[in-house]
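Undergrad: Fold the following, please.
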Amino acid sequence: MFGNIDRSRIIACSAAFIGLITLGSWISIPFVPVPFTLQTLFVLLAGAVMKRYAIIPVSQYVILGALGLPLFHNGIAGFGVLLGPTGGYLIGFIVAALIIGLTYEYPSRPVHICGLVFAMLAIYACGTGWLMYSLDREFLPAFYAGTLPFIAGDAIKAGAAYLIAERLP
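TA: Residues are numbered from 1 along each chain as shown. I've put the predicted structure just below:
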């Protein structure tokens, strides 16, 4: 264990990305039922930088927030957040981190772009599905409230994550 550079890098990057995702959650514009935040940018960036190991900081972020640390948007915390309308999006972050991480293990730019798109679709699918269940809504109202307003902003965040990742070693 001593002197293992790869393990040390994973631990350091995990700590950094938990902090960045938390910072992104505090940069929030209130919106009903789901606020606009920068969490998505850092989840995607974690996948691009840490590859398959991005699931570690994103999962830890969700677990630590569920255990009561004020990590979620605007400092809210607790297991109840996962049961509320935003819970599906938080679980979707874990799925998205795995998708983007696996696609960034390939050196192909088109694969990276597809990974970003599929990661966003995974977040939307988990979020909209849970929004339908938690608020007892049909698909279209949940889609209009929980996905449609976020597509343009998330496309910008995905583009930013792609550009930042391209410039990192």
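Undergrad: CA only for contacts and neighbour counts going forward, please
TA: Noted.
Undergrad: Quick one: mean pLDDT over stretch 97-116.
TA: Confidence over stretch 97-116 (mean pLDDT, whole number) is 95.
Undergrad: no no, stretch 45-63
TA: For stretch 45-63, the mean per-residue pLDDT is 96.
Undergrad: Use 33 as the first number for this chain going forward.
TA: Renumbered: residue one is now 33, and that last one reads stretch 77-95.
Undergrad: so how far is that stretch off the chain centroid?
TA: Relative to the chain's own centre, stretch 77-95 is displaced by 9 Å; criterion: Cα atoms, centre = their mean, to the nearest Å.
Undergrad: Could you tell me which residues within that stretch count as buried?
TA: The neighbour-count check on stretch 77-95 (16 or more other Cα atoms under 10 Å) flags 77-91, 93-95 as buried.
Undergrad: Name the residues of the longest helix along the chain that come out as buried.
TA: Scanning the chain for the longest helix, with DSSP state H as the assignment, gives helix 141-167. Within helix 141-167, the residues that qualify as buried by neighbour count (16+ other Cα under 10 Å) are 143-145, 147-165.
Undergrad: Show me what it is packed against.
TA: For helix 141-167, the contact count by 3 or more Cα pairs under 8 Å, 6 or more residues apart in numbering; DSSP states H and E identifies helix 119-135, helix 171-178, helix 183-199 as packing neighbours.
Undergrad: now with 7 Å?
TA: With contacts defined as 3 or more Cα pairs under 7 Å, 6 or more residues apart in numbering; DSSP states H and E, the secondary structure elements packing on helix 141-167 are helix 119-135, helix 171-178.
Undergrad: okay, these in a markdown table with mean neighbour count next?
TA: As requested, the helices and strands packed on helix 141-167 are exported to a markdown table (neighbours: other Cα atoms under 10 Å):
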| stretch | mean neighbour count |
| --- | --- |
| helix 119-135 | 25 |
| helix 171-178 | 17 |
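Undergrad: quick one, which of the ones you listed is nearest to residue 103?
TA: Each of the helices and strands packed on helix 141-167 has some distance to residue 103 by Cα to Cα; the shortest is helix 119-135, at 11.3 Å.
Undergrad: could you say what helices and strands the closest one packs with?
TA: For helix 119-135, the contact count by 3+ Cα pairs under 7 Å, 6+ apart identifies helix 71-82, helix 87-98, helix 141-167 as packing neighbours.
Undergrad: re the thing from before, Throw the helices and strands packed on helix 141-167 into TSV and include distance to residue 35, thanks.
TA: Listed next are the helices and strands packed on helix 141-167 as TSV, based on distance: least, Cα to Cα, whole Å:
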stretch	distance to residue 35
helix 119-135	25
helix 171-178	46
